Structure formats: structure tokens, C-alpha cells
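Colleague: Pasting a predicted model and its sequence here:
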Amino acid sequence: MGIFRQFAEYLYLRKKNPNASPTKWTKYMHGINRLSILLFLFAIIIILVKLFLRS
């Protein structure tokens, strides 16, 4: 599975694979990964805003 496809599944942009066996721990892992991706994107946006507003 490609990395962009996995990101799309984490962020609910793409439907998950129906053949994959969902477990409780897999759901926890995907939730934590989703949270970390969103926090990373938020931090990048803050850094870009600070860069452009200083100029």
C-alpha cells in the first residue's frame, strides 16, 4: 500500500480496505497516527505564517 493512500485513509479522504481485519489495537494506532499527522500539518502552517508575517 502506498504512503499517500495510507494518509488518505487516516484522514478519511479514501475508503478503507474492506478486506483488512480491523482490531481494537489497529483502530487505536490509526487514531494516534491521524492525530500526529494533523498536529504536524498545524505546526507547518504556524511556521509558514510566522515566516511570511515577519517579512
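Modeller: Here it is on my side, so go on. On a predicted model such as this, the values are computed, not experimentally measured, just so you know.
Colleague: so residue 20, which of the three states?
Modeller: Look at residue 20: counting by DSSP: H, G, I helix; E, B strand; the rest coil, its state is coil.
Colleague: Phi, psi for it please.
Modeller: According to degrees, to the nearest 10, the main-chain angles of residue 20 amount to phi -70, psi 140.
Colleague: Give the burial count for it, as a bare number.
Modeller: When neighbours are defined as other Cβ atoms under 10 Å, residue 20 has 10 of them. Where you see a C-beta, it was placed from the backbone N, CA and C, and this is true even at glycine.
Colleague: Just the pLDDT at it, thanks.
Modeller: At residue 20 the predicted local distance difference test score is 71.
Colleague: Equivalent analysis for the one 4 residues further on, please.
Modeller: Residue 24 is assigned a predicted lDDT (pLDDT) of 87.
Colleague: For it, grab the count of nearby residues.
Modeller: Other residues lying near residue 24 total 7 when counted by other Cβ under 10 Å.
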